[in-house]
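1. Pasted the sequence and its predicted model underneath.
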Amino acid sequence: MGLKEEFVSIYRENIKREGAEEFLEWLQGTDFFEAPASTKFHCACKEGLLMHSLNVYKVLMEKHFNKETDNLESATICSLLHDVCKSRFYKVSTRNVKNDVTGVWEQVPFYMVEDTFPYGHGEKSVFLIERFMRLKTSEAMAIRWHMGGFDDSARSGGFSISLAFDKYPLAVQLHLSDLEATYLNEKGTSSVRNS
């Protein structure tokens with residue numbers, strides 16, 4: 001089973017909310033299933049965003065999900081869709097790089113950001129999802145704050161992220177899962193750099 005088929009299978013099995021099929025249809029009309037997850041770091045490769053979304057889902061399910069108390073649909077929505085803001089976000093371009101072996105300059109492809117809807121990161125994902133299906137408050141908070149201290153608002157010294165993490169365990173679970181997937185599980189997944 002390919003990555004896209006795995007994603008769609010998990011999505012359809014776990015997400016039954018009104019608007020879920022319409023959102024999936026919209027998602028399939030974007031570059032979500034082909035896009036990278038970053039320009040040069042983790043999963044900076046074709047299908048990288050898809051790979052990252054599945055990795056976050058797997059970490060959350062294996063390490064942070066409690067079958068007795070947590071909601072499977074909520075965990076699936078948050079982990080699979082937290083970075084939907086990166087669809088229609090990257091563009092393939094080329095740059096000149098000197099070939100170390102031949103000494104000849106060559107054009108090589110690379111990913112660059114082309115943000116046509118600069119609405120923020122987590123908040124953009126929340127906005128895009130809610131165009132089709134209603135999120136619970138805990139889901140919106142988890143997706144909004146999944147970047148943790150890397151979020152521009154958190155770096156500016158606000159306390160909203162601390163309040164969200166204190167009140168919504170799902171936000172902490174998603175953040176931890178995103179960190180582990182990105183910095184531990186996805187090392188070596190960049191087509192641009194080796195580590």
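-> Right, received. Where do you want to start? What you see is a predicted model; the values in this text were computed from it and never measured. Numbering: from 1, shown residues only.

2. where does the protein dip in pLDDT?
-> For the chain, the stretches with pLDDT under 70 are 152-157, 193-195.

3. how much space between the residue nearest to the spatial centre of it and residue 129?
-> The centre of the chain sits closest to residue 83, judged by CA atoms, centre = their mean, with a distance of 2.8 Å. Distance check for residue 83 against residue 129: by CB to CB, to the nearest Å, it reads 11 Å. In this view, the C-beta of every residue, glycine as well, is placed from N, C-alpha and C.

4. State the three-state secondary structure for residue 112.
-> Following DSSP: H, G, I helix; E, B strand; the rest coil, the label given to residue 112 is strand.

5. Contacts only, for it.
-> Counting by CB atoms under 8 Å, 6 or more residues apart in numbering, residue 112 makes contact with 39, 90, 91, 92, 93.

6. And the residue nearest to the centre of the chain, how far from residue 103?
-> Applying CB to CB, the value for residue 83 to residue 103 is 39 Å.

7. Burial check on residue 185, number of neighbours?
-> 18 (other CB atoms under 10 Å).

8. now residue 183
-> Neighbours around residue 183, by other CB under 10 Å: 11.

9. Then residue 177?
-> 28.

10. wait, isn't residue 178 in contact with residue 58?
-> No. With contact defined as CB atoms under 8 Å, residue 178 does not reach residue 58; the gap is 11.9 Å.

11. Would you map the strands across the chain?
-> For the chain, strands defined by DSSP state E occupy the ranges 90-98, 105-113.

12. how far is the last one from where the chain is centred?
-> So that's strand 105-113. 23 Å (CA atoms, centre = their mean, to the nearest Å).

13. Then the first one?
-> Taking the mean C-alpha point of strand 90-98 and that of its whole chain, the gap between them comes to 23 Å (CA atoms, centre = their mean).

14. Go through that strand and flag the buried ones.
-> Using 16 or more other CB atoms under 10 Å as the test for burial, strand 90-98 gives residue 90.

15. which secondary structure elements does that strand contact?
-> Where contact means 3 or more CB pairs under 8 Å, 6 or more residues apart in numbering; DSSP states H and E, strand 90-98 is packed against strand 105-113.

16. what angle separates the strand it packs on from strand 90-98?
-> Angle of strand 105-113 versus strand 90-98, following axes from the mean of the first three to the mean of the last three CA atoms, to 10 degrees, is 150 degrees.

17. buried ones in strand 105-113?
-> In strand 105-113, the ones that count as buried by 16+ other CB under 10 Å are 110, 111.

18. Sheet partners, orientation included, of it?
-> strand 90-98 (antiparallel) (DSSP bridges).

19. which residues sit against the partner strand?
-> 31, 35-36, 39, 104-114.

20. count of neighbours near the closest residue to residue 61 other than its chain neighbours?
-> Spatial nearest neighbour of residue 61, chain neighbours left out: residue 75 (7.1 Å); criterion: CB to CB, 6 or more residues apart in numbering. Counted with other CB under 10 Å, residues neighbouring residue 75 total 23.

21. Having no further points to raise, I will conclude here.
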